[in-house]
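A.B. asks: Test case, fold it:
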Amino acid sequence: MPAYDHKCTVCGTVFEVVRPMGATTQECCPECGGEARRVFGSVGVAFKGSGFHNTDYKSRPAETSAPSEAPACATPSCPST
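C.D. replies: Numbering: from 1, shown residues only. Coordinates of the predicted model:
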């Protein structure tokens, strides 16, 4: 089960509560018995691998507007010969 941080609105005590996800019960401060609200913190992000920027934002080679010549076919049944 996940642990959630709560902060008392009366005395400011921060404490941790372990409960199931989606539980909507109101928590009380263990020090003074006052109402406690859940504290939301920042989450760290780690990009792992060969490179987020290199693989997603790499510049693409310019496309040429002239059509490239098809290689000549060496087989006698090829229609291009």
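A.B. asks: Could you list the low-confidence segments of this protein?
C.D. replies: For the chain, the stretches with pLDDT under 70 are 49-81.
A.B. asks: which residues of it fall in strands?
C.D. replies: Assigned by DSSP state E, the chain shows strands spanning 3-8, 14-18, 36-38.
A.B. asks: Looking at the ones you listed, spot the one closest to residue 24.
C.D. replies: Closest of these to residue 24 is strand 36-38, at 10.8 Å (criterion: C-beta to C-beta). Yep, even glycine has a C-beta here, placed from its N, CA and C like the rest.
A.B. asks: Paired strands for the closest one, with orientation please.
C.D. replies: Partner strands and pairing direction for strand 36-38 (DSSP bridges) are strand 3-8 (antiparallel).
A.B. asks: okay, the angle between the strand it pairs with and strand 14-18?
C.D. replies: 140 degrees (axes from the mean of the first three to the mean of the last three C-alpha atoms, to 10 degrees).
A.B. asks: what residues does strand 3-8 touch?
C.D. replies: Surrounding strand 3-8, the residues in contact under the criterion C-beta atoms under 8 Å, 6 or more residues apart in numbering are 13-19, 27, 29, 31-32, 34-39, 41.
A.B. asks: Now for residue 30: which residues touch it?
C.D. replies: Shown in contact with residue 30 (C-beta under 8 Å, 6+ apart): 13, 15.
A.B. asks: Backbone dihedrals for it, please?
C.D. replies: The phi and psi values for residue 30, taken as degrees, to the nearest 10, are phi -70, psi -20.
A.B. asks: And the helices in the protein?
C.D. replies: 52-56 (DSSP state H).
A.B. asks: Residue 47: which of the strands of the chain is closest?
C.D. replies: strand 3-8 (25.9 Å).
A.B. asks: buried set for that closest one?
C.D. replies: For strand 3-8, burial by neighbour count (16 or more other C-beta atoms under 10 Å) applies to 4, 6, 8.
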